[in-house]
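Only the shape, not the letters, is given here:
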């Protein structure tokens, strides 16, 4: 599974990245988590508001920081 957190250096983007990594670790999810900070790459993904969460190439959340439970649910829905 490939999980990407799209967003530059803003606090919400950093928070989402941290929460995603915690959820993956706590639930022993086999996933590669990367943080995309390149604004051109983010815009090419169709994102105009950050942070955004992409799972296996599909945007599943954008514009806010979801809770750990919401992140887990989104991951489970996209396995």
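Looks like it came in fine. These numbers come from a predicted model, not from an experiment.

This structure: strands as residue ranges?
All strands of the chain, identified by DSSP state E, fall at 2-6, 32-36, 52-55, 58-62.

Relative to residue 35, how far out is residue 43?
16 Å (CB to CB, to the nearest Å). (Each C-beta comes from the backbone N, C-alpha and C, glycine too.)

who's more crowded, the two?
Legend: neighbour count by other CB atoms under 10 Å for residue 43 and residue 35, higher for residue 35 (18 against 11).

Contacts only, for the more buried one.
The neighbours of residue 35, taking CB atoms under 8 Å, 6 or more residues apart in numbering as the test, are 4, 5, 7, 13, 17.

Which two among the residues you listed are spaced furthest apart?
The distance between the two most remote of the contacts of residue 35 (CB to CB) is 11.6 Å, for 4 and 13.

Show the pLDDT at the residue nearest to residue 27 when sequence neighbours are not counted.
Nearest non-adjacent residue to residue 27, counting by CB to CB, 6 or more residues apart in numbering: residue 72, 6.3 Å away. Per-residue confidence (pLDDT) for residue 72: 97.

In this structure residue 72 contacts residue 23, no?
Yes. Taking CB atoms under 8 Å as the definition, residue 72 is a contact partner of residue 23 at 5.2 Å.
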